[in-house]
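Asker: kindly generate the corresponding structure for this input.
(one chain, ligands or ions: 1)
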Amino acid sequence: MRDFSSDHRWLSLNTATVRKQGDLVEIIEACASHGIRAIDPWRDQVAAVGLDRAARAVRDAGLELSGYCRGGMFTSDAAHGGEVRDDNRRAVDEAKALGAPCVVLVVGGLPQFSRPGSAPSRDIVAARAQVEDAIADMLDYARQVNMPLAIEPLHPAYAADRACVNTARQALDICDRLDPERSGLLGVALDVYHIWWDVEVSSQIARAGRERLLAFHVCDWLVPTRDMLNDRGMMGDGVIDIKSLRAAVEAQGFCGYSEIEIFSNYWWDKPLDDVLRTCIARHRTVV
Ligand code: ZN
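Answerer: Residues are numbered from 1 along each chain as shown. Next up, the predicted model:
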């Protein structure tokens with residue numbers, strides 16, 4: 001397992017962590033000034049400054065990307081099917097322009113939440129089937145430009161509105177069906193927030209192996225959690241044994257960035273430099 005205690009060479013910042021404190025260009029400049037070498041930007045943050053300007057800012061700052069957030073929200077009614085496909089193809093194109101190593105997929109829950117305006121449904125079985133078909137379609141497109149897709153399983157609390165793929169096993173089952181040759185173009189983004197509770201987490205990380213482990217996200221689970229979406233904790237402030245999960249992915253050969261992704265009303269209220277300084281300190285001590 002890599003030693004993170006003396007530098008933050010392998011820290012990446014998911015830019016949603018400081019989305020309230022500045023636009024993407026300002027975030028990139030702040031990262032560069034703190035010696036952070038990688039980011040994972042969100043599509044809305046890129047759109048807000050323009051794709052060309054975002055790509056130039058990344059290049060000028062000498063940053064790498066650890067992913068691109070996000071593709072997915074695949075579930076919809078028939079009327080929104082074209083929107084889903086086109087939107088995801090654009091995500092692949094943008095990821096390519098930015099030099100991202102993968103597009104992170106949050107697959108969508110029930111259609112009315114995933115693609116607002118879709119006819120309401122309670123059929124989560126159908127939603128899961130739709131997700132798999134849509135990933136197959138997106139993978140065909142992504143393969144043409146050699147852009148890996150990383151399915152992020154989300155904690156089951158988000159099954160209705162964000163993702164009906166809720167465990168690493170479920171995500172890896174999809175990978176095995178759609179990419180049995182383990183081409184490197186389909187894998188998982190494992191976020192400690194979503195997987196720490198899972199009784200199968202160790203065996204599924206071993207099953208994933210290096211080819212399927214495309215991204216590793218860190219934050220912490222606070223007790224109590226006051227907001228289901230926007231009360232994630234800074235690493236070390238909650239109950240997740242982050243080091244043991246990192247050890248498990250690294251035992252499979254994962255050697256990429258440890259990406260800090262914190263959606264938090266608490267941290268969005270703090271000055272950008274303070275958040276980055278805390279992220280770096282915690283990366284060294286508890287990640
Ligand atoms: Zn994540």
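
Asker: up against the ion, what does the stretch 101-250 of the chain have?
Answerer: 191, 217 (C-beta under 5 Å from the ion). Glycine gets a C-beta too; all of them are placed from N, C-alpha and C.

Asker: and the closest residue to the ion within the stretch 51-200 of the chain, how far from residue 158?
Answerer: Per C-beta to the ion, residue 191 is where the stretch 51-200 of the chain lies closest to the ion, at 3.4 Å. Using C-beta to C-beta, to the nearest Å, residue 191 is found at 11 Å from residue 158.

Asker: neighbour count for the two, which is higher?
Answerer: residue 191 (23 against 19; other C-beta atoms under 10 Å).

Asker: and the more buried one, what are its bridge partners?
Answerer: residue 217 (DSSP bridges).

Asker: just checking, it touches residue 217?
Answerer: Yes: if you go by C-beta atoms under 8 Å, residue 191 and residue 217 touch, sitting 3.6 Å apart.

Asker: find residues that contact each of the two.
Answerer: 152, 261 (C-beta atoms under 8 Å, 6 or more residues apart in numbering).

Asker: quick one, what contacts the residue of the stretch 51-200 of the chain closest to the ion?
Answerer: 152, 154, 216, 217, 218, 219, 261.

Asker: count residues in the vicinity of the last one, would you?
Answerer: Spelled out, that is residue 261. Residue 261 has 25 nearby residues by other C-beta under 10 Å.

Asker: any idea how far residue 144 is from it?
Answerer: Relative to residue 144, residue 261 is positioned 29 Å away (C-beta to C-beta).

Asker: run through the residues that contact the closest residue to residue 207 other than its chain neighbours.
Answerer: Residue nearest to residue 207 in three dimensions, not counting chain neighbours: residue 172, with 5.9 Å by C-beta to C-beta, 6 or more residues apart in numbering. Residue 172 is in contact with 188, 204, 207, 208, 212, counting by C-beta under 8 Å, 6+ apart.

Asker: one more: residue 183?
Answerer: Contacts of residue 183 (C-beta under 8 Å, 6+ apart): 143, 211.

Asker: tell me the phi and psi of it?
Answerer: Here is the backbone geometry of residue 183 (degrees, to the nearest 10): phi -70, psi -10.

Asker: ditto for residue 42
Answerer: Dihedral angles (degrees, to the nearest 10) for residue 42: phi -100, psi 150.

Asker: that one: neighbour count?
Answerer: Residues near residue 42, counting by other C-beta under 10 Å: 17.

Asker: helix/strand/coil for the closest residue to it other than its chain neighbours?
Answerer: If the residues on either side of it in the chain are set aside, residue 42 comes closest to residue 69, at 4.7 Å by C-beta to C-beta, 6+ apart. With DSSP: H, G, I helix; E, B strand; the rest coil as the basis, residue 69 sits in strand.

Asker: stretch 13-25 and the ion in contact?
Answerer: No: Stretch 13-25 lies out of reach of the ion by C-beta under 5 Å from the ion, never closer than 6.9 Å.

Asker: what sits up against that stretch?
Answerer: 27, 30-31, 36, 38-42, 45-46, 48-49, 53-54, 57, 66-67, 69, 217, 259-264, 267-272, 275-276, 279.

Asker: what about it, how long is it end to end?
Answerer: Stretch 13-25 has an end-to-end distance of 14 Å (C-alpha to C-alpha, to the nearest Å).

Asker: ditto for stretch 202-220
Answerer: 18 Å.

Asker: identify each buried residue in that stretch, please.
Answerer: For stretch 202-220, the neighbour count (16 or more other C-beta atoms under 10 Å) marks 204-205, 207-208, 210-220 as buried.

Asker: pick the one among those residues closest to the ion.
Answerer: Once C-beta to the ion is applied, the member of the buried residues of stretch 202-220 that ends up nearest the ion is residue 217, at 3.6 Å.

Asker: inside helices: which ones of the contacts of stretch 13-25?
Answerer: 27, 30-31, 45-46, 48-49, 53-54, 57, 267-268, 272, 275-276, 279 (DSSP state H).

Asker: need the nearest residue in space to residue 148, chain neighbours excluded.
Answerer: Closest to residue 148 by C-beta to C-beta, 6+ apart is residue 102, at 4.1 Å.

Asker: pLDDT averaged over the lengthiest helix in the chain - what is it?
Answerer: For the chain, the helix with the greatest residue count under DSSP H is helix 124-144. Averaging pLDDT along helix 124-144 gives 98.
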